[in-house]
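A.B. asks: kindly return the folded structure for what I paste below:
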Amino acid sequence: MVSLDLRDRLSPLERLILLVSAICHDLGHPGLTNGYQVNAGTELAMVYNDASPLENYHCALTFHLLRQAPLLPLNNQDGKAFRKGVIACILATDIAKQADLVAKFKQMASSFDWKESGQREMASNGLYLY
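C.D. replies: Sure thing, here's the model as predicted:
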């Protein structure tokens, strides 16, 4: 088993992003796939222009609920980073995009550096894959 020591490597904000993303990544899921949504021309497919309609819906619903019951006292800068991170993590769960994400993750793995923010973000998105 591989231990990533994420508690020591990720900031509290990054850990919060991963936790909220994990909890909300299927929030409000209607039980039908993106392919169905697009092929049937559902309202979700129309609203999100056939681009990951379910994942975009999960993101929108997450932030709609968080706005209604603001449980996270984040300053403006952290709030923006939180929103950006949660959206990236949830969008990364679209199965149609995971082959590309895995390929990028594997390319980066040999020279991975926890100090580079772009690589940290890719790792956060990739944590859903394993």
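
A.B. asks: correct me, but residue 55 touches residue 94?
C.D. replies: Yes: under the criterion of C-beta atoms under 8 Å, residue 55 makes contact with residue 94 at 4.8 Å. Quick note: C-beta positions are derived from backbone N, CA and C, even for glycine.

A.B. asks: now for the two: what residues contact both?
C.D. replies: Residues touching both residue 55 and residue 94 (C-beta atoms under 8 Å, 6 or more residues apart in numbering) are residue 34.

A.B. asks: which residue sits closest to residue 96, ignoring its sequence neighbours?
C.D. replies: Computed as C-beta to C-beta, 6 or more residues apart in numbering, the closest residue to residue 96 that is not its neighbour in sequence is residue 34, at 6.6 Å.

A.B. asks: thinking again about what came up before, so which of residue 55 and residue 94 has more stuff around it?
C.D. replies: residue 55 (24 against 16; other C-beta atoms under 10 Å).

A.B. asks: quickly find the element holding that one.
C.D. replies: helix 53-68 (DSSP states H and E).

A.B. asks: buried stuff in the helix or strand just after that helix?
C.D. replies: The C-terminal neighbour of helix 53-68 among helices and strands, as given by DSSP H and E, is helix 76-91. Neighbour-count burial for helix 76-91, counted by 16 or more other C-beta atoms under 10 Å, picks out 81, 82, 83, 85, 86, 87, 88, 89, 90, 91.

A.B. asks: how much space between the second one and residue 62?
C.D. replies: In other words, residue 82. Shown here: residue 82 relative to residue 62, a distance of 11 Å by C-beta to C-beta, to the nearest Å.
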